[in-house]
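Trainee: Could you work out the structure for the sequence below:
(2 chains)
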Amino acid sequence: QVQLVQSGAEVKKPGASVKLSCKASGYTFTKYYMHWLRQAPGQGLEWMGIINPSGDSTIYAETLQGRVTMSRDTSTSTVYMELSSLRSEDTAVYYCARPYFNDGVFYGWFDFWGQGTLVTVSS
Amino acid sequence: DIQMTQSPSTLSASVGDRVTITCRASQSISSWLAWYQQKPGKAPNLLMFDASTLQSGVPSRFSGSGSGTEFTLTISSLQPGDFATYYCQQYKSYPYTFGQGTKLEIK
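Mentor: This next block holds a predicted model:
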């Protein structure tokens, strides 16, 4: 069965960077895009960006441009999201999410999600 | 960016009630809309896509309608497990955006 298993909680100081991982299993990793989203405490969902199956193309939310980097390692079926220059406003649960794919076409909804990783930014 | 606005923000209802949640887009998104249910401490769970297509395994008491800029999610007869927060999401264009959520509470 499809599983997306994310790395554990992180506590970081303002100005630091954090790199989260999302290990996929149960499907052909090299065929699928992956998205990252986040949810601040008590808030709604914010889309952060997407990485293509080969890892050579990304689209990031404009609000995060310059601070976010997504990458992937096909040898371990793992996707990474690194966020730099952390601020208190970056405190959130971060999710990886897989888009639906059928007959060679990717769609915009997310049918599988990781369990989430809490990142706390505090001095 | 396309803004998504849900109403109400909170909805109090009882088991067996029929409830409707509304989601409005700031511009036409055709039927490029999904609905998710989220319970505390859990990732969102897909309920509906293309505005009205039920995800496999989701009970038929959930239904969706709408196109363009106005959409609704209806639960025909609330069950205890339905008390959660619901989000709409547009996928017409990047950045994908979500409504602020509707918390469905037990009356």
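Trainee: since we're on the nearest residue to A:Leu45 once chain neighbours are set aside, how many residues are nearby?
Mentor: In space, and not counting its chain neighbours, A:Leu45 is closest to B:Phe98: 4.3 Å by Cβ to Cβ, 6 or more residues apart in numbering or on different chains. Where C-beta positions appear, they are placed from N, C-alpha and C, glycine not excepted. A count of nearby residues for B:Phe98, using other Cβ atoms under 10 Å in any protein chain shown, gives 21.
Trainee: So B:Phe98 is in contact with B:Tyr87, correct?
Mentor: Yes - here B:Phe98 reaches B:Tyr87: they are 5.0 Å apart, a contact under Cβ atoms under 8 Å.
Trainee: Common neighbours of the two, please.
Mentor: Taking Cβ atoms under 8 Å, 6 or more residues apart in numbering or on different chains as the contact rule, B:Phe98 and B:Tyr87 both touch A:Gly44, A:Leu45.
Trainee: now B:Phe49: how far from B:Cys88?
Mentor: 11 Å (Cβ to Cβ, to the nearest Å).
Trainee: Pick out whichever of the two has more residues nearby.
Mentor: A count of neighbours by other Cβ under 10 Å puts B:Cys88 above the other of B:Phe49 and B:Cys88, at 30 against 24.
Trainee: For B:Gln100, see how far away the more buried one is.
Mentor: Counting by Cβ to Cβ, the gap from B:Cys88 to B:Gln100 is 10 Å.
Trainee: Could you pull up phi and psi at A:Thr74?
Mentor: When quoted as degrees, to the nearest 10, the phi and psi of A:Thr74 stand at phi -70, psi -20.
Trainee: again, but for B:Gly66
Mentor: Dihedral angles (degrees, to the nearest 10) for B:Gly66: phi 110, psi 160.
Trainee: List the contacts of it.
Mentor: B:Gly66 neighbours (Cβ under 8 Å, 6+ apart): B:Cys23, B:Ser31, B:Leu33, B:Ala51, B:Ser52, B:Thr72.
Trainee: Which pLDDT value belongs to it?
Mentor: pLDDT for B:Gly66: 98.
Trainee: re earlier: list residues touching both of B:Cys88 and B:Gln100?
Mentor: B:Met4, B:Gln6.
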